[in-house]
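In: show me how the following folds:
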Amino acid sequence: MLVIVVENVPPRLRGRLAIWLLEVRAGVYVGDISRRVREMIWAQVERGVEEGNAVMAWSTNTESGFDFMTLGKNRRIPKEMDGIKLVSFLPENGVVDDGAVIG
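Out: Numbers count the residues shown, from 1 in each chain. Model prediction:
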């Protein structure tokens, strides 16, 4: 199982995704495809995302039963802890506790 969610991407990328996957809601695509096709689709997303953002999640043999990748600006960022991938939130103002500015 594969799920891709895109936000603020060009219509041509959404059309590309609709060739291989079913768009069940606006910007939400699902399908059951091979690893090779998944990698090819993600390459299309990388080339076409422009100012938008995307996340791709798929079933795999991990502790959680899935893995995911993100692309583009978003407050949610992947963070690996003890071998498990979690999601961390950046502060709304882009400043972390140590004073570093994000973005």
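
In: need the phi and psi values for residue 51.
Out: For residue 51, the backbone dihedrals (degrees, to the nearest 10) come out as phi -90, psi 0.

In: count of neighbours near it?
Out: Neighbour count of residue 51, defined by other C-beta atoms under 10 Å: 9. From N, CA and C alone the C-beta is placed, and that goes for glycine too.

In: give the contact list for it.
Out: 8, 72-73 (C-beta atoms under 8 Å, 6 or more residues apart in numbering).

In: number of residues surrounding the spatially closest residue to residue 16 that is not a sequence neighbour?
Out: Of all residues not flanking residue 16 in the chain, residue 44 sits nearest, at 5.3 Å (C-beta to C-beta, 6 or more residues apart in numbering). Residues lying near residue 44 (other C-beta under 10 Å) number 14.

In: and for residue 27?
Out: So residue 27, with other C-beta under 10 Å, has 16 neighbours.

In: got a pLDDT number for the closest residue in space to it that isn't next to it in sequence?
Out: Distance criterion C-beta to C-beta, 6+ apart; nearest residue to residue 27, sequence neighbours excluded, is residue 6 at 4.8 Å. What the model reports for residue 6 is a pLDDT of 97.
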